[in-house]
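# predicted model follows, preceded by the sequence.
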Amino acid sequence: MAQTAEAVRAETPPEPPPKGGSGPDGPRRRRTIPTPYLLIAPALVILTLVLVWPVVQMVWNSLHSYTIRNLLPNAPAPQWNDFGHYRRLLSDPEFWTILRNTVVVCVLMVGVTMVLGTLVGILLHKLPRWFSVTVSVGMMLAWATPAISASLVFRWLFLPERGLVNVALDRLPDWLVGSGWLNYNWFLEPLSLFSVLISVIVWQSFPFIAVSVLAGLKSIPYELYEAVRVDGAGGWRSFWSVTFPMLRPLFALLLVLQIIWDLRVFTQLYILANSFQNKEIYLLSYYIYQQGFSASPANYGMGSAIAVVMTLMILGVTAYYLRIMIRQGETR
Amino acid sequence: MTATTGAAPATPTTYRRRRRPSLPVLLNRAGLYAAGAAVFLFAVFPVYWMVATAFKPVGEIFSKDTRLFPGTLTLEHFDRVINGELIPGVNFWEFLVNSLIVTLGAVAAGAVLSLLAAVAVARFRFRMRSAFIILLMVIQMVPAEALIISIFINFRRFQDATGIQMLGNLSGILVVYTAVSLPITIMMLRGFVAAVPKELEEAAAIDGASPWTVFWRILMPLVAPGLVAASIFAFITAWNEFIVALTFLGRSTEEYTLPLSLSYYFGRFGTEWGSIMAASTLLTLPVMAFFLFVQRRMVSGLTMGAVKG
């Protein structure tokens, strides 16, 4: 109802007579800027120019043969290439490997982060306040560490010969972890490199989940837990019959955010891999960058096609996020 | 949410205290403390290791006899990072200044733009309002990593057409950083503006205050904490950003921001871990200071509305 009225008002000429004063809208009209459109205009302009329009261009670029040569003065315009990039990607086993690795690594990052974050959130809720605050502050340090610093520290921790992890594994008894760890290079093979990558990401992102879950837990009335306890439910049961249903919207949102953030991981991989030589360790965002800025010649068309694939994956997840937000009334 | 955060944690604690602790309860509690300590160590250890390495003398870092605590402390790495040349010809201070220009520039521009938009969204009903909010939510999700090629080409073409330099200097990344944090800062501020009772403004207006006075004397003081939180969020985003800087600054080393200078340093002198860790520590410190300050707001900003108190 109210919205219809607003809609009608928006259609009336943008400059109402200054002596308006009709009903409850009086004070609102006295603002110096008569229309909200003027207020959002600056933000809208910069968002459109920097983020919205490039989405359109990304699709256009991906459909044309577009390399760094097309940027030279007097160069011919990029040519339509009849879905060439997509056809090449789809028939390229290397691309499928990269896509599969991206999905698997992302699922592992998100899964471990969510489970660990939730467990820590519940733990923080059970600890006495002073201890919970102490642990939270410690977690903030992990969360606050810039991606580049975090990647460098993990590179240093897992360095062959002098990295602490290798030294520690080497000093542990051989029957427990095997031998030869001192010289083990974590950064050459996909399996070991991705393990380190997942460790960095989980280390940096579980605090956000834990703190969010903690905030959610505080909002659940304690009587609900008392009620299920009277019914004889243990910790496991009370989690699934009270906590999870109550926090379902929160979990859904955290899951979506985490998927989106982890699909685009770049900095950590850039530092850990430290080169573009080994295609086996590429993830999608890394592949985009490599095609666009590291390959010779830089292939903007191909890079954009990969970017389109990644954007479609993210938009699929975002659609779900939007549904949650709209249902919660966040867009009203 | 604000109402429950203060009161809720008291309930379980008092409940637990009412019981006389028996052996299983004590064991259970010991387990909880141990788990808490383990989480704390897991979270803090890499940060500790970064700082500890930064203070270790070179001899100790190179020694095969790795020790958990530094035997001797030294400032040589910090001295090298701050007073030496992180990249030949350019020193730490120049990178710091570059980072500060971009970050503070993006924060200032973002604060103005997002406050205006937040007031529009929180105070007015207009036809495009829902569309605008949905646009913010979608745009917040589209990763810069996917758009970076298009933005790069745009800047390059703009530069060729107008002669205004966008690549290889700070202006291009400043524009991108401003745009990237806008969706979240607008949504964060929207909540703060909406929380200011409209009656307050109306009462002032009836008392004869001009709209300008109402804005500065009534709205601003009440929205200020939100503006600080949103600004710190924008600050952290820009301060930490890596891939856009890497792409747009290219070989112009004298324009590098701190994160970029660090990666360059690592790429070239990968064995000087003491200095790399010292530089990382210097990069990390300001973020940590700010972070502890706004962490709660960031959680609620990122999970808008999902936790209904």
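Thanks, I have the structure now.
# going forward, measure contacts between C-alpha atoms and count neighbours the same way
Noted.
# off-centre distance for the helix or strand containing residue A:319?
According to DSSP states H and E, residue A:319 maps onto helix A:300-327. A distance of 11 Å separates the centroid of the chain from that of helix A:300-327, by C-alpha atoms, centre = their mean, to the nearest Å.
# give the buried residues for it.
Across helix A:300-327, burial judged by 16 or more other C-alpha atoms under 10 Å in any protein chain shown covers A:300-308, A:310-311, A:314-315, A:317-318, A:321-322, A:324-325.
# now do stretch B:262-271
Going by 16+ other C-alpha under 10 Å, stretch B:262-271 has these buried residues: B:262-266.
# now do the contacts for residue B:96.
B:257-258 (C-alpha atoms under 8 Å, 6 or more residues apart in numbering or on different chains).
# and it, how close does it get to residue B:228?
22 Å (C-alpha to C-alpha, to the nearest Å).
# now residue B:202
Taken as C-alpha to C-alpha, the span from residue B:202 to residue B:228 is 25 Å.
# same check on residue A:312?
Taking C-alpha to C-alpha, one finds residue A:312 at 35 Å from residue B:228.
# host element of the residue most central in space within chain A?
Most central in chain A under C-alpha atoms, centre = their mean is residue A:261, positioned 0.9 Å from the mean C-alpha point. Here residue A:261 is covered by helix A:244-263, with elements defined by DSSP H and E.
# again with residue B:164
In the assignment (DSSP H and E), residue B:164 maps to no helix and no strand.
# what's the distance between it and chain A?
16 Å (C-alpha to the nearest C-alpha, to the nearest Å).
# now swap in residue B:104 and tell me
Taking C-alpha to the nearest C-alpha, one finds residue B:104 at 17 Å from chain A.
# name the element that residue belongs to?
Using DSSP H and E, residue B:104 falls in helix B:92-123.
# quick one: that helix to chain centroid distance?
Relative to its parent chain, helix B:92-123 has a centroid offset of 12 Å by C-alpha atoms, centre = their mean.
# following it, which helix or strand shows up next?
Proceeding N to C from helix B:92-123, the next assigned helix or strand is helix B:129-141, under DSSP H and E.
# check which helices and strands that next one is in contact with.
helix A:300-327, helix B:170-195 (3 or more C-alpha pairs under 8 Å, 6 or more residues apart in numbering or on different chains; DSSP states H and E).
# distance from that helix to the middle of the chain?
For helix B:129-141, the distance to the chain centre is 21 Å (C-alpha atoms, centre = their mean).
# in the very next helix or strand once past it, what counts as buried?
Per DSSP H and E, the first helix or strand lying C-terminal to helix B:129-141 is helix B:144-162. Buried residues in helix B:144-162, defined by neighbour count with 16+ other C-alpha under 10 Å: B:144-156.
# just the helices in the stretch 1-150 of chain A please.
A:2-11, A:26-29, A:36-47, A:53-62, A:84-90, A:93-126, A:129-144, A:147-157 (DSSP state H, counting those that start in this stretch).
# could you say which of these is packed most deeply?
Among the helices of the stretch 1-150 of chain A, helix A:147-157 has the highest mean neighbour count (mean count of other C-alpha atoms under 10 Å in any protein chain shown), at a mean of 24.
# do that helix and chain B meet at all?
Yes. Applying C-alpha under 8 Å from any C-alpha of the partner chain, one finds helix A:147-157 touching chain B at A:147-150, A:152-154, A:156.
# turn those into CSV, columns for pLDDT.
As requested, the residues of helix A:147-157 next to chain B are exported to CSV (pLDDT from 0 to 100):
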residue, pLDDT
A:147, 95
A:148, 96
A:149, 96
A:150, 96
A:152, 96
A:153, 96
A:154, 97
A:156, 94
